[in-house]
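Enquirer: model this:
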Amino acid sequence: MGWKRFAAGVGAGVAVTLLAKNQLEKAQQLSPEKALKMVKKKADHLGSIDGSWVHMITEEFEQDQLTYNVYRGGITCTDEDGKMSAYEFYVDSATGTILKLEQQED
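Expert: I've put the predicted structure just below:
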């Protein structure tokens, strides 16, 4: 019976370790709402922001042969002349750095 208790202890230890690792990875990530707020603040020079959206799940994004976990989203802005433009963005989920902000074609 001693080896069963040992195996159960090892199994429990592995499970706790995996759970802790998962929680630490999530803690090191920005929330999608915070990432969107950061993008909106940085993009205020484009005009008044009329609408915005962000995917709630991260995805992989490759740029310059580097892979990032990012939130993808978009904003709609109206400039001083009343022209409305839509932009798509990719923001690093760990740092909040905007990796790409691209105006969408009409």
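Enquirer: check contacts around the nearest residue to residue 62 once chain neighbours are set aside.
Expert: The spatial neighbour of residue 62 that comes closest, neighbours along the chain excluded (CB to CB, 6 or more residues apart in numbering), is residue 68 at 7.6 Å. In short, each C-beta sits where N, CA and C put it, glycine included. Each residue near residue 68 by CB atoms under 8 Å, 6 or more residues apart in numbering is listed here: 60, 61, 62, 90, 92, 93, 99.
Enquirer: Could you identify the most distant pair in those?
Expert: Between any two of these, the greatest separation by CB to CB is 14.5 Å, found for 62 and 93.
Enquirer: So the two - more neighbours on which side?
Expert: residue 93 (22 against 10; other CB atoms under 10 Å).
Enquirer: what does the model give that one for pLDDT?
Expert: Reported pLDDT at residue 93 in the predicted model: 93.
Enquirer: and if you look at residue 106?
Expert: Residue 106 is given a pLDDT of 66.
Enquirer: where does the protein dip in pLDDT?
Expert: 1, 6-8, 10, 12, 14-16, 18-28, 106 (pLDDT under 70).
Enquirer: just so I have it, where are all the helices in it?
Expert: Assigned by DSSP state H, the helices in the chain fall at 2-27, 32-42.
Enquirer: what's the shortest one packed up against?
Expert: Counting by 3 or more CB pairs under 8 Å, 6 or more residues apart in numbering; DSSP states H and E, the packing neighbours recorded for helix 32-42 are strand 48-54, strand 66-78, strand 84-92, strand 98-103.
Enquirer: one more time with 7 Å, if that's ok
Expert: strand 48-54, strand 66-78, strand 84-92 (3 or more CB pairs under 7 Å, 6 or more residues apart in numbering; DSSP states H and E).
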